[in-house]
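S.K.: Sharing a sequence plus its predicted fold:
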Amino acid sequence: MVQLGREGYRTYAEAIFATAAQMRAAVASHRELRIIGRPSFLFSFTSDDFDVYHVNDFLRTRGWRLNGQQYPNALHMCVTRPQTQAGVADAWAVDLADAVEYARTHAESQPRSGSIYGGVIGGWTDEADEFIRAVMADMMDQQSALPPAR
């Protein structure tokens, strides 16, 4: 922030928000995809027509790295400065269209990718809940502990 200054920061932020809007418009142009919430420079989208992870599977082949979410299955994209480079949002639109077509034709198969955020293979179970609670309790105990006395 100090190096960029207020105007430099605003210039980057405006480019990021404009690019995110262009990328969201590409998502919204596909009837099979639905944007979740009211996003800004990051957004998530899902599909009611096919497993959206198929879209992720295809986009990976084009170099895109989205994060899978769960409840509902969705993909998360965070737009940062690299995506503001000339031609990137246009490439996104083309690649996303190809990914939607791929997802349509592979709807009956199991996708290769899955969720990263909230991910529990096979969905939430009592066993998964118990395991996560135990891991989190242990982590909180370790992080709250005092160092050994000298």
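M.R.: Nice, I can see it.
S.K.: Return the residues in contact with the residue nearest the centre of the chain.
M.R.: With distances taken as C-alpha atoms, centre = their mean, the residue of the chain nearest its centroid is residue 76 (1.5 Å). Shown in contact with residue 76 (C-beta atoms under 8 Å, 6 or more residues apart in numbering): 42-44, 66-69, 117. C-betas here are computed from N, CA, C, even on glycine.
S.K.: between these, which is nearest residue 11?
M.R.: The closest of the contacts of residue 76 to residue 11 turns out to be residue 42 (C-beta to C-beta; 19.3 Å).
S.K.: And the helices in this structure?
M.R.: Ranges of helices in the chain, per DSSP state H, are 5-28, 53-61, 88-105, 126-144.
S.K.: mean pLDDT lowest for which of these?
M.R.: Among the helices of the chain, helix 126-144 carries the lowest mean pLDDT, a mean of 76.
S.K.: List the buried residues in it.
M.R.: When neighbours are counted by 16 or more other C-beta atoms under 10 Å, no buried residue of helix 126-144 is found.
S.K.: repeat for stretch 101-110
M.R.: 102-103, 106.
S.K.: will you turn those into JSON lines that also has distance to residue 5?
M.R.: Converted to JSON lines, the buried residues of stretch 101-110 look like this (distance: C-beta to C-beta, whole Å):
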{"residue": "102", "distance to residue 5": "44"}
{"residue": "103", "distance to residue 5": "43"}
{"residue": "106", "distance to residue 5": "48"}
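S.K.: Relative to residue 138, which of these is nearest.
M.R.: residue 103 (38.7 Å).
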